[in-house]
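K.L.:
following is a predicted model, sequence given first.
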Amino acid sequence: MIEFEGLGMAYPGHQGRPPVAALQDVDLKVADGEFVSIVGPSGCGKSTLLHLVAGFGKPTSGRISVDGREVSKPGSERAVVFQQAALYPWLNVRDNIGFGLRIHGIRGREYERRVQHYLGIMGLTTFEHHAPYHLSGGMRQRVAIARALITEPEIMLMDEPFGALDAQTRNEMQRFLLRLWRTLRPTVLFVTHDVEESILLGDRVVIMTARPGRVALDLRVPFARPREWDLVLTPEFIDVKRRLLSVLQPQLESAQRVEDFISELESPDDGAREDGHI
Ligand SMILES: Nc1ncnc2c1ncn2[C@@H]1O[C@H](COP(=O)(O)OP(=O)(O)OP(=O)(O)O)[C@@H](O)[C@H]1O
Ligand SMILES: [Mg+2]
């Protein structure tokens, strides 16, 4: 289980500016094998939250624990998939996928077996010797997911993994991810800007407030699995979506007001020029 208790994160301010409070008082419990979608305005600390679970940094207040142990550094039981597939450009597909195994000292027959297995389930077998830059965006993301899954992590931290894909590829990747999740049952924290995606994939949808990010709503998705893709057309789905949007929309507006205020502070005369005064 992942537990967030009074979690806060403030980044030091640049050039004498005050610190940026990215997260404040985040309290959340995620059960083993649960799929939790996280939605919130840009800049509300979603990536920060995942980075802290991954152990890439330390919170400035509160704590995160996994199975009762406080997270203090990265660990092989936690894997991250970013929005832009962060592949090693100098390694081909199979070596990218096998990278995590090598780090863990897995070589020889076991290495080969697992790499072939993941190439197969990802539909990448015929591309195993290709360089990442020869792949489409969807394929690159499949390589990134295979690379994260191959060490069989208990926790998958996914930061808008399908955000940069076209609608059709995104849809294929969603189905694909759900199939993998059903088989391997990792705990998933899945950040997305897409409310429909958050409902279709998640057991729960957590909506965060504008910065500093806190939990604004934690909603259990009331639809059985497997979910058909025309679920989005049903009145029940639209009701859930409406409920989420009613909480999310004011947060998006409040985040926008803060951004406007900051940009006005940083360039006070832009507005005047637009008004035609200069
Ligand atoms: N390393 C850093 N140093 C200073 N400030 C940072 C750092 N990383 C993030 N921030 C700030 O913390 C806040 C939260 O950032 P974060 O990237 O976690 O937001 P997000 O919710 O993931 O946004 P988006 O939806 O745009 O990806 C932002 O104001 C950002 O500028
Ligand atoms: Mg982010």
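P.N.:
Ah, there it is. Numbering: from 1, shown residues only. Ligands and ions are numbered 1, 2, ... in the order given.
K.L.:
contacts and neighbour counts: CA atoms only from here.
P.N.:
Will do.
K.L.:
what's opposite the most centrally placed residue in the chain in the beta bridge?
P.N.:
Geometric centre of the chain, nearest residue: Asp159, 2.2 Å, by C-alpha atoms, centre = their mean. Judged by DSSP bridges, the bridge partners of Asp159 are Val191.
K.L.:
what segments of this structure are strands?
P.N.:
Secondary structure of the chain (DSSP state E): strands at 2-11, 20-30, 35-39, 61-66, 69-70, 78-81, 155-159, 187-191, 204-208, 215-220.
K.L.:
worst average pLDDT in these?
P.N.:
Among the strands of the chain, strand 78-81 has the lowest mean pLDDT, at a mean of 92.
K.L.:
any residue of that strand up close to ligand 1?
P.N.:
No. Using C-alpha under 6 Å from any ligand atom, strand 78-81 never reaches ligand 1; the gap is at least 13.3 Å.
K.L.:
again with stretch 255-262
P.N.:
No. Stretch 255-262 is not in contact with ligand 1 by C-alpha under 6 Å from any ligand atom; minimum separation 9.5 Å.
K.L.:
figure out how far that stretch is from the centre of its chain.
P.N.:
Taking C-alpha atoms, centre = their mean, to the nearest Å, one finds the center of stretch 255-262 at 24 Å from the center of the full chain.
K.L.:
for stretch 242-257, same thing?
P.N.:
19 Å.
K.L.:
check stretch 116-130 too.
P.N.:
24 Å.
K.L.:
now it: buried residues?
P.N.:
Gln116, Tyr118, Leu119, Met122, Leu124, Thr125, Phe127, Glu128 (16 or more other C-alpha atoms under 10 Å).
K.L.:
likewise stretch 152-165?
P.N.:
Judged by neighbour count using 16+ other C-alpha under 10 Å, the buried positions of stretch 152-165 are 152-163, 165.
K.L.:
for the strands of the chain, give me JSON lines that also has distance to Pro89.
P.N.:
Putting the strands of the chain into JSON lines (distance: least, C-alpha to C-alpha, whole Å) gives the following:
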{"stretch": "strand 2-11", "distance to Pro89": "31"}
{"stretch": "strand 20-30", "distance to Pro89": "32"}
{"stretch": "strand 35-39", "distance to Pro89": "30"}
{"stretch": "strand 61-66", "distance to Pro89": "32"}
{"stretch": "strand 69-70", "distance to Pro89": "34"}
{"stretch": "strand 78-81", "distance to Pro89": "16"}
{"stretch": "strand 155-159", "distance to Pro89": "20"}
{"stretch": "strand 187-191", "distance to Pro89": "25"}
{"stretch": "strand 204-208", "distance to Pro89": "34"}
{"stretch": "strand 215-220", "distance to Pro89": "37"}
